[in-house]
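Q: Below: sequence and its predicted model.
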Amino acid sequence: MTEGKPYAGRVTNPEAETHHAEEPDRAAEPGRTDGPDRAEGAGRAEEPGTQRLERAVRTAEQALIEFEIAVETFRVEVENFSRLHHQRLGPMYARLDDLEARIAEAVAARTGDPEDIRRAREARAMVQPLPGIEELFGGWLDSDGFSPEAVAMLTEKSVRPPERIRPSDEARRAYRELVRKAHPDLAPDEADRLRREEFIVRVNAAYADGDEALLLELAEEWAAGPVPEERRPSHAEELYARLEWLAQRKELLAQLAAELEGSAIGAMIKMAPDDPDRLLEEIAEGLAAQVAEREAHLATLVG
């Protein structure tokens with residue numbers, strides 16, 4: 001999730017302060033037991049527009065949470081699609097590159113043209129592994145970058161690729177419900193915010209792995225945890241500051257969403273939002289057809 005800290009300070013309302021200072025001490029009147037608490041509550045109730053601001057803040061918070069859920073679920077889909085794309089289609093792309101190099105070499109052998117020979121060398125260089133890389137880095141790094149095992153050690157993620165581009169429907173429902181309940185933006189104080197942030201990190205990790213059982217366990221853990229206190233009414237200035245922070249956070253999420261959608265993988269997922277797994281199969285079928293066509297072309301050159 002996108003990092004960010006909410007507005008946590010308390011801004012007093014000068015008009016309300018003046019109102020309380022001028023109000024007579026009615027708690028001393030005979031028969032009255034409401035005391036200063038009633039006066040303070042009455043002062044808040046009389047602040048113009050406070051209730052509307054509170055409703056606006058609650059609405060903005062819920063809208064932001066829903067937007068953040070949408071961005072995070074799409075980010076997981078993009079990440080999973082990228083990993084599956086590399087695992088399933090990487091060998092086919094490598095095969096196409098090798099065929100292109102062999103075709104270029106066959107053409108150069110036939111023509112003997114210096115330009116064809118140059119093209120053949122360039123094509124072969126694109127698929128030839130860099131010498132000494134694996135030996136130098138002890139298997140951690142090869143011509144394609146870090147090995148899967150090295151990536152797993154550095155990121156603490158399993159080398160096992162996801163079975164699906166998106167987690168199951170049940171996992172998605174459990175994830176959304178957990179985020180709606182435990183989102184840090186709903187914390188009444190800083191201590192509860194920290195607790196929620198740590199919990200959401202675990203929720204995000206379980207969702208990214210598609211671990212439905214763990215998400216259900218986390219739901220039980222949250223249900224058994226401390227019940228957050230009801231948010232105290234805020235002054236108008238604090239509510240305005242809160243709305244401003246929510247708007248800024250939304251802008252950051254919108255930028256992240258635009259980056260995800262504008263990426264090559266994100267654009268591919270957008271082509272088939274309901275069944276991205278099928279899109280991957282269609283791409284694989286197209287690559288297989290290209291491999292067959294290149295193989296047939298190579299056979300005519302060397303046959």
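A: Cool, got the structure.

Q: Give me the three-state assignment for E177.
A: Using DSSP: H, G, I helix; E, B strand; the rest coil, the structure places E177 in helix.

Q: From L256, how far out is the residue lying closest to it once chain neighbours are set aside?
A: Once flanking residues are discounted, E177 sits nearest to A219: 7.0 Å by CB to CB, 6 or more residues apart in numbering. For the C-beta atoms, the positions are set from N, CA and C on the backbone; glycine is no exception. The gap separating A219 from L256 is 26 Å, by CB to CB, to the nearest Å.

Q: Does anything pack onto the helix or strand hosting N80? Which helices or strands?
A: Here N80, judged by DSSP states H and E, is contained in helix 50-111. When contacts are defined as 3 or more CB pairs under 8 Å, 6 or more residues apart in numbering; DSSP states H and E, helix 50-111 sits against helix 114-127, helix 169-182, helix 190-208, helix 236-262, helix 264-271, helix 276-302.

Q: again, 6 Å this time
A: With contacts taken as 3 or more CB pairs under 6 Å, 6 or more residues apart in numbering; DSSP states H and E, helix 50-111 sits against helix 114-127, helix 236-262, helix 264-271, helix 276-302.

Q: got the angle between that helix and helix 190-208?
A: Angle of helix 50-111 versus helix 190-208, following axes from the mean of the first three to the mean of the last three CA atoms, to 10 degrees, is 30 degrees.

Q: Run through the residues that contact the residue nearest to I117 when sequence neighbours are not counted.
A: Excluding the flanking residues, the one nearest I117 by CB to CB, 6+ apart is A108, at 4.6 Å. A108 is in contact with D116, I117, A120, counting by CB atoms under 6 Å, 6 or more residues apart in numbering.

Q: Surely the first one is in contact with V107?
A: Yes: in this structure, D116 is within contact of V107 by CB atoms under 6 Å, at 5.3 Å.

Q: distance of L252 from E259?
A: 11 Å.

Q: residue ranges with poor pLDDT in the stretch 1-150 of the chain?
A: Residues of the stretch 1-150 of the chain meeting the criterion pLDDT under 70: 1-48, 128-150.

Q: and R119, how many neighbours?
A: Residue crowding around R119 was assessed by other CB atoms under 10 Å; the count is 17.

Q: Please apply the same query to S263.
A: 13.

Q: which phi and psi does it have?
A: With angles defined as degrees, to the nearest 10, S263 sits at phi -70, psi 160.

Q: burial measure for the closest residue to it other than its chain neighbours, as a count.
A: Among residues not flanking S263 along the chain, V78 sits closest, at 6.8 Å (CB to CB, 6+ apart). Neighbour count of V78, defined by other CB under 10 Å: 22.

Q: Am I right that V78 is in contact with L260?
A: Yes: between V78 and L260 there is a contact under CB under 6 Å: 5.4 Å.

Q: What score does G225 have for pLDDT?
A: pLDDT, G225: 76.

Q: er, K250 actually
A: At K250, pLDDT is 91.

Q: Next one: it relative to R180, how far apart?
A: 17 Å.

Q: and what of I117?
A: Taking CB to CB, one finds I117 at 64 Å from R180.

Q: Tell me which of these two has more neighbours.
A: I117 (16 against 13).

Q: so who does the residue nearest to S263 touch?
A: Contacts of V78 (CB under 6 Å, 6+ apart): L260, I265, G266.

Q: now those: which count as buried?
A: The neighbour count (16 or more other CB atoms under 10 Å) marks L260, I265, G266 as buried among the contacts of V78.

Q: What separation is there between the last one and H297?
A: Looking back up the chat, that one is G266. 33 Å.

Q: Give me the spatial nearest neighbour of R110, chain neighbours excluded.
A: Per CB to CB, 6+ apart, closest to R110 is L301, 7.0 Å.

Q: Would you confirm that that neighbour contacts A104?
A: No: checked against CB under 6 Å, the pair L301 and A104 is beyond contact range at 9.9 Å.

Q: If you count surrounding residues, which of those two has more?
A: Neighbour count, other CB under 10 Å: between L301 and A104, A104 has more, with 20 against 14.

Q: wait, doesn't that one sit right on R119?
A: Yes: the pair A104 and R119 qualifies as a contact (CB under 6 Å) at a distance of 5.2 Å.

Q: ok, back up a step: what is the neighbour count of the residue nearest to E177?
A: For A219, using other CB under 10 Å, the count is 17.

Q: For it, give me the pLDDT.
A: 92.
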